[in-house]
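**Student:** how would this look folded up:
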Amino acid sequence: MMKLDPILHAKFMAVSTATLTTAMFKKGLRNIFLQGPQRLRSGENMVGTAYTLRYIPAREDLDVLESFADRNNPQRKGVEECPEGAVFVIDSRGDASAASAGCILAARLQSRGCAGLVTDGGFRDSPEIAELEMPAYHVRPSAPTNLTKHHAVAINDPIGCGGVAVFPGDVMVGDNEGVVCIPRHLAEEIANEATEMTIFEDFVMEKVKEGASIFGLYPPTDPEIEGKYLEWRQINGR
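**Tutor:** Numbers count the residues shown, from 1 in each chain. This next block holds a predicted model:
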């Protein structure tokens, strides 16, 4: 799995998920914002390529504590193999009644240089995970071990998370509002579009705060807006 180009990474670090969803909407993609996962602690954007883990419902004869000692356990194996700069994305089928992971696994991912951790389920030890430098997103805290509800079956396969199709290598971008999944082949185009949108919306916000009406400004239908915008960009070095 290739890491993102530093310039592309920097662009995604500077745009919001709201702007990204609009840029994707223009391309005809509507279902790219993960429903449910929320950030445990606010901070800078999370940006990285998806590395996935898939759960199915647990089965009592298989999901026992001894299974954690198996080096081929997909949950444990995935944590130990997640590449630097990747976002570890867990398909928990939207079930937060048992933990998708806990603080020890999260800390291990952080030590491996993981860019973030996302699940449509819940985390145990969530206060401790919130204290990590690595961004983490879940639906709600969940103390019970994953074995009570989840059976790990596959790593780095296509999954569903928060109702969104996530393929290995897709670009995951998270902010304090939530997480979006961007198909890798569209990443550069979307990053450029979102960057331009962000600059224009900064201009709009400044004008609105000065008392300007949104009519003719947002969207920019007033023929004078383009000239004012270009002048503003030049003055502000944007």
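
**Student:** rest of the way, CA atoms for contacts and neighbours
**Tutor:** Fine.

**Student:** Can you pull the poorly scored residue ranges out of the chain?
**Tutor:** Applying pLDDT under 70 to the chain flags residues 1-2.

**Student:** Output the longest helix belonging to it.
**Tutor:** helix 187-209 (DSSP state H).

**Student:** what helices or strands is that helix leaning on?
**Tutor:** Under the contact criterion of 3 or more CA pairs under 8 Å, 6 or more residues apart in numbering; DSSP states H and E, helix 187-209 touches helix 6-13, helix 17-26, helix 225-236.

**Student:** most packed of the ones you listed?
**Tutor:** Of all those, helix 17-26 has the most neighbours on average by mean count of other CA atoms under 10 Å, namely a mean of 19.

**Student:** If you drop the residues flanking it in sequence, what lies closest to Gly216?
**Tutor:** Asp222 (4.5 Å; CA to CA, 6 or more residues apart in numbering).

**Student:** For Val204, see how far away the one you found is.
**Tutor:** As judged by CA to CA, to the nearest Å, Asp222 and Val204 stand 13 Å apart.

**Student:** and these two? which has more neighbours close in?
**Tutor:** Per other CA atoms under 10 Å, whichever of Asp222 and Val204 has more neighbours is Val204, with 21 against 11.

**Student:** ok, so what distance separates that one from Met197?
**Tutor:** 10 Å.

**Student:** go on, Asp120?
**Tutor:** 29 Å.

**Student:** re earlier: so which of the helices and strands packed on helix 187-209 gets nearest Arg71?
**Tutor:** helix 6-13 (32.8 Å; CA to CA).
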